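In: Kindly generate the corresponding structure for this input.
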Amino acid sequence: MLRPCNHVEPKHNVMAATTEHKTMNLTLHVWRQKNRAAEGRFVTYEARDISPDMSFLEMLDVLNESLILKGEEPIAFDHDCREGICGQCGVVVNGNPHGPRKATTTCQLHMRSFQDGDALTLEPWRANAFPVIKDLIVDRGAFDRIIAVGGFVSAPTGTAVDGNAILIPKPAAERSMDAAACIGCGACVAACPNGSAMLFVAAKIAHLGYLPQGQPERDRRALSMVARMEEEGFGACTNHGECEAACPKEIPIEFIARMNRDFFKAALFSPSERAGSSGDA
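Out: Model (predicted):
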């Protein structure tokens, strides 16, 4: 005997339908500061109906749109490419530079890393050498000034040299590329208890120092960039290792040891460079 069959939707379709429109509500404690001379404070906001598929910066965009509609001042935060390449973005989320996920920039962080009802504390990079411009934006010009004194190589003018004219051992090329992955976001400084920029400077010194093209300025580079780092007010390295843990590009701290070797060797054996000479004397 045939019995009538009631049609039942497969369970996975029901789950897909329920999760497709799932949103979350968050409480955000955001650092607000009008400018570097003003007093800052935390202001609490409610972020409603946030999609787990949004990036963290998209969530801030949505929050800012709601603030603008209310006639309130939007939250200022830094960004550019939103692809984890430029190093412009940077927010301390619940004490973690760039948020809770390893090897991830703020712009690559997605809201599915959090739970509905979570409370998030958002702060700018905290370092004397990174003064706050406004809200979550800091002035990272100190990094540019460090690069300016040594982050270059001598290049002869005229016809470009063929790419294979200077042979570079593969291990050296790979280590140079590892160091060159640094995007200069400043997370290492924000994570360091001392506000040290050693990992950033070490990466910039190493990625040129591994290559034959970087040898003419090698001693001058180490001395000049370390000296400028100290002038900018960054703290000293005491091997906490927080910089490596926070780095979105996972730059290893072994580059710091290499930079120290270059610096002490140059200080001992290159007196003209130590005195700031261009080498002409």
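In: which residues of the stretch 51-200 of the chain score low on pLDDT?
Out: Counting by pLDDT under 70, the stretch 51-200 of the chain contains low-confidence ranges at 157, 163.
In: and if we set it to 90?
Out: 153-167 (pLDDT under 90).
In: where do the helices sit along it?
Out: Secondary structure of the stretch 51-200 of the chain (DSSP state H, counting those that start in this stretch): helices located at 56-69, 141-150, 170-180, 187-191, 198-209.
In: how about the ones you listed, which one is nearest Thr105?
Out: Distance to Thr105, taken as C-beta to C-beta, is lowest for helix 187-191 among the helices of the stretch 51-200 of the chain, at 8.2 Å. In short, each C-beta sits where N, CA and C put it, glycine included.
In: Report the backbone C-alpha coordinates of that closest one in PDB.
Out: What follows is the C-alpha trace of helix 187-191 in PDB, where atoms were taken according to Å, rounded to 0.1, in the frame of the first residue of the first chain:
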ATOM      1  CA  ALA A 187      52.500  46.900  14.600                       C
ATOM      2  CA  CYS A 188      55.900  45.800  16.000                       C
ATOM      3  CA  VAL A 189      56.200  49.200  17.700                       C
ATOM      4  CA  ALA A 190      52.600  49.100  19.100                       C
ATOM      5  CA  ALA A 191      53.100  45.600  20.500                       C
END
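In: And the residue nearest the centre of the chain?
Out: Ranked by distance to the mean C-alpha position of the chain (C-alpha atoms, centre = their mean), the top residue is Cys185 at 2.8 Å.
In: List phi and psi for it.
Out: The main-chain torsion angles of Cys185 are listed as degrees, to the nearest 10 and equal phi -80, psi -30.
In: Spatially nearest residue to it, not counting backbone neighbours?
Out: Residue nearest to Cys185 in three dimensions, not counting chain neighbours: Gly87, with 3.9 Å by C-beta to C-beta, 6 or more residues apart in numbering.
In: so what's that neighbour up against?
Out: The neighbours of Gly87, taking C-beta atoms under 8 Å, 6 or more residues apart in numbering as the test, are 105, 183-186.
In: Out of those, grab the one that's most surrounded.
Out: For the contacts of Gly87, the largest neighbour count, defined by other C-beta atoms under 10 Å, is 30 neighbours, found at Thr105.
In: I'd guessed it sits against Ala246; true?
Out: No: counting by C-beta atoms under 8 Å, no contact exists between Thr105 and Ala246, whose distance comes to 10.9 Å.
In: I'd assumed Val30 was in a helix, is it?
Out: No: secondary structure of Val30, determined by DSSP: H, G, I helix; E, B strand; the rest coil: strand, with no helix assignment.
In: any idea how far it lies from Asp219?
Out: Computed as C-beta to C-beta, to the nearest Å, the Val30 to Asp219 distance reads 46 Å.
In: now the strands: where do they sit in the stretch 151-281 of the chain?
Out: Under the criterion DSSP state E, counting those that start in this stretch, the stretch 151-281 of the chain contains no strands.
In: Quick check: buried residues in the helix ranked longest in the chain?
Out: Ranked by residue count under DSSP state H, the longest helix found in the chain is helix 254-269. Across helix 254-269, burial judged by 16 or more other C-beta atoms under 10 Å covers 255-256, 258-259, 262-263, 266.
In: Please apply the same query to stretch 241-254.
Out: Buried residues in stretch 241-254, counting neighbours by 16+ other C-beta under 10 Å, are found at 242-244, 246-249, 251-253.
In: got it, and stretch 117-133?
Out: Of the residues in stretch 117-133, those scored as buried under the neighbour-count criterion (16+ other C-beta under 10 Å) are 120, 122-125, 127, 129-133.
In: What residues does Leu26 make contact with?
Out: When the contact criterion is C-beta under 8 Å, 6+ apart, the partners of Leu26 are 46-47, 50, 59, 114, 116-120.
In: gap between stretch 181-200 and the chain center?
Out: Taking C-alpha atoms, centre = their mean, to the nearest Å, one finds stretch 181-200 lying 8 Å from the centre of the chain it belongs to.
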